[in-house]
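J.: Next input, structure requested:
(one chain, ligands or ions: 2)
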Amino acid sequence: MRQDLVDVWHAYRTPIILSALLLLAGLRIFLHTTEDREPLVALPKIYNEPQQPQVSEKTISKAQPVAETEKKSSGPRRIKGGVTRKASQEDKTAPAEHDRPAKVLVFFSSVTTKTEKIAHDYIKTLEAFLDQKANETDDKFLKPELLDLTEIDFEDYFVSPPKSPEGAAYFYLFLIPSYNIDTINDTFLQHLQETHHDFRIDTAPLSSLVGYSVFGFGDKEGWPNEDEGFCFQAKELDKWMSKLTGRKRAYPVGMGDMKSDHAERFTEWTFGVQEVIAQASQTGFLGEGVPGSGDAVESDDEEAEGDDGEVVFDDEEPSNSKESDGSRPLDDVEDLGKMIRPSKDGNEGPRKAALAVDFTTYPSASKRKGQAPVIKEMVAKDSPTYNALTKQGYSIVGSHSGVKICRWTKSALRGRGSCYKYSLYGINSHQCMETTPSLSCSNKCVFCWRHGTNPVGTTWRWVVDPPEMIFDGVKENHYKKIKMMRGVPGVRAERYAEALRIRHCALSLVGEPIFYPYINEFLAMLHNERISSFLVCNAQHPDQLAALKAVTQLYVSIDASNKDSLKKIDRPLHRDFWERFLRCLDILREKRFRHRTVYRLTLVKGFNVEDEVEGYAQLIERGLPCFVEVKGVTYCGTSTSSNAGLSMSNVPFYWEVCEFVKALDRRLQEKGLGYGIAAEHAHSCCVLLASNRFNVDGKWHTHIDYQRFFELLEERGPDGDWTPEDYMGPPTPEWALWGNGGFDPRDERVDRKGRKMEAVVSREAPE
Ligand SMILES: Cc1cc2nc3c(=O)[nH]c(=O)nc-3n(C[C@H](O)[C@H](O)[C@H](O)COP(=O)(O)O)c2cc1C
Ligand code: SF4
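T.: Residues are numbered from 1 along each chain as shown. Ligands and ions are numbered 1, 2, ... in the order given. Predicted coordinates:
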């Protein structure tokens, strides 16, 4: 068998080998034409020719929309259509946004507390909603916060969003009622306007917010429709927030009539808003194409169109024209004249603009369709502010002045002691009238017990009452209140008779007296009747301070020794508050040989005492005041003070005030500034440091020769050339000197219940 195979092979080997070769060749050709080739790894540049497919324009626009968007991105684009996810940059940022926890801040204002109640209820509903969302999804929400616009520092929220340790993405909601009288809404709207126009700040500094929305409450009975002012401030707020956020309006402004449909409208709005919040927290942005939403880039084209429907203020250029250089048109001076109400005799009062008033933003009343801008009254008779102030015992004179009989006036009438000004300067409390021609102030000091009731603002934007009207009104009301004391047990007959002749005026009641544009005229009226003037200002209005004419004694409040501390304690509305403050001290330095200048330091433990001696010494070196009054703060126990973190523990003991004064005195000695501790009134926790200019032959002369002051004024006029030493009084009485307590020896010392007390003064730290 084996031999047979060998024979066959030898006989047919040539055709077998040829057939096998042919078969293999055919197989190789077949495989070569059909198999997928492996890419080349080596030498790719030689073998990989650049691919240049010939594709039509039409194919590009369909297949590559992103490239098309990028190509056109140099010009504005308008987004139309439904909700789509943003391409390009948004895709890069969205996941990061999404990872951040969301925090909703609900801001509200309220005068008659209706909005406040709604806001308190709503924050609970919102919190429950966000908790539920957080459970259903993997979205993170921080606890929402409710913020009263009267309590917060606007700069903390509306110059840039706050920084949170969790890196939260913020959502702002606003609930505000509208008021055509002056309220915190005006101050707030003005702040937003100023922030938008401040050249140092980006015009849309809140653009990092996720979004915002406003709900307004109004009253259709009085303001039947929007053209007639229904919810007009909610609309204004919505428009300013749109500008500041670069149009991050998350949901259209809602409006409800407090007397009919507000609950229904508000529920509608809250559902809408919450839906957007939920969506935004998932996607990281508000969504495109939804009316009213979108970011600044999307809306550029609207801006370019000019009239974008945003609020236009009287002093404002239209949004499409260039910003002005900040100077105001000359006819504003005329406007000031128009703001003055006629006095009783029908005269229009002084028409001239006597002072360089800070009118850079005046008037801020908005233009509503078909209506002339309305200049409001600071405290209108029918306003809740008026009611609140009158309930606290103020008599409101005209529309922006107030007078109140202070507790020391009552006490002195009953022979129970005068205030510290009697010990330090010889002022009879029962002949003193405490008043202010401006109930408004530009600070929101933590220790101010009127805060929350008195209006605030950086500029005068109200009707101006003539000085005669104020002068007559405050006197009339003061005397009315003195007469009401006639039947009070303990009032001394001779003091009562004396009290019917006002001799002193303390311009320090509430607010900022030099805010009033005719303060010099008002002072002249006081002096004409031989009423001395003690004027306290908050060191925020340098121009008015520089223009101030003769006063008997001129104070500036020094509430802190450095910028941070001042901001914390005074909560000033002016952004450049520290520069203003220092300028006022420089002005005081220049005036020190013309006026009796005084620094008033109010010590608040935990705020402005610890480690601040050196800072105060430097401020004294800067302004070289004639006197430095140091007083411990009086605790007023209002919700405002406790919200600001103030409690009885912030009130220093008298020995703490004394320790501070002694340390300050030592520092002033070391600096060689020539001051000493002159007098005290332990009852008021008050100590007086005086310049050696008022120490004659080793005796302090802190009291005032009022008679001489009026003579000098009459001889030489309010710009006359004289010095504080020219009307320096007799030596300070023994009982008022430092170390003797300062309690008026004519009177009895009693406690609050009228029981006699021994005066025990402790000036040293207890063992
Ligand atoms: C003095 C005064 C002025 C008002 N001005 C307006 C106004 O201009 N437009 C408006 O829609 N409602 C106006 N209202 C109505 C209030 O906005 C409305 O009563 C609101 O519910 C008050 O809310 P609140 O008490 O919580 O602050 C005014 C109410 C008062 C007392
Ligand atoms: S300056 Fe006076 S009135 Fe104004 S907020 Fe301060 S304490 Fe109040």
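
J.: How about the protein: which residue is closest to ligand 1?
T.: Nearest residue of the chain to ligand 1 (Cβ to the nearest ligand atom) works out as residue 218 at 2.3 Å. Placement of C-beta: from N, CA and C, glycine included.

J.: Not counting sequence-adjacent ones, nearest residue to that residue?
T.: Among residues not flanking residue 218 along the chain, residue 231 sits closest, at 4.0 Å (Cβ to Cβ, 6 or more residues apart in numbering).

J.: now the residue nearest to residue 688 when sequence neighbours are not counted, what's its secondary structure?
T.: Sequence neighbours aside, residue 679 is the residue nearest to residue 688 in space, at 4.5 Å (criterion: Cβ to Cβ, 6+ apart). Under DSSP: H, G, I helix; E, B strand; the rest coil, residue 679 falls in the strand class.

J.: mind checking how far the residue nearest to residue 218 is from ligand 2?
T.: To ligand 2, residue 231 is 30 Å away according to Cβ to the nearest ligand atom, to the nearest Å.

J.: Could you report the neighbour count for that residue?
T.: Neighbours of residue 231 under the rule other Cβ atoms under 10 Å: 27.

J.: so what's the residue of the chain closest to ligand 1 up against?
T.: Going by Cβ atoms under 8 Å, 6 or more residues apart in numbering, residue 218 touches 177, 178, 229, 230, 231, 232, 234, 255, 256, 257, 258.

J.: Just list whatever residues bridge to it.
T.: residue 257 (DSSP bridges).

J.: distance of it from residue 651?
T.: 42 Å (Cβ to Cβ, to the nearest Å).

J.: before we move on, the earlier item: what about ligand 1: which of the contacts of residue 218 touch it?
T.: Within the set of the contacts of residue 218, contact with ligand 1 (Cβ under 6 Å from any ligand atom) is found for 177, 178, 229, 230, 231, 232, 258.

J.: Give me the phi and psi angles of the third one.
T.: Taking degrees, to the nearest 10, you get phi 110, psi 10 for the backbone angles of residue 229.

J.: Count residues in the vicinity of residue 527, would you?
T.: When neighbours are counted by other Cβ under 10 Å, residue 527 registers 21.

J.: Likewise for residue 526?
T.: So residue 526, with other Cβ under 10 Å, has 24 neighbours.

J.: same check, this time on residue 738
T.: For residue 738, the neighbour count with other Cβ under 10 Å is 21.

J.: And residue 203, by the same measure?
T.: For residue 203, using other Cβ under 10 Å, the count is 16.

J.: give me the element the closest residue to it other than its chain neighbours is part of.
T.: Distances taken as Cβ to Cβ, 6+ apart place residue 196 nearest to residue 203, at 5.8 Å, with adjacent residues excluded. Secondary-structure assignment from DSSP states H and E places residue 196 in helix 184-197.

J.: which other helices and strands contact that helix?
T.: The contact analysis (3 or more Cβ pairs under 8 Å, 6 or more residues apart in numbering; DSSP states H and E) places helix 184-197 against helix 154-158, helix 232-245.

J.: Mean neighbour count, those helices: which tops it?
T.: Greatest average neighbour count among the helices and strands packed on helix 184-197 goes to helix 232-245 (a mean of 23), per mean count of other Cβ atoms under 10 Å.

J.: Just the residues contacting that one, thanks.
T.: Applying Cβ under 8 Å, 6+ apart, the external contacts of helix 232-245 come out as 158, 172, 174, 176-180, 185, 188-189, 192-193, 195-196, 203-207, 209, 211-212, 214-218, 223, 226, 248-249, 253-255, 309-311, 366, 368.
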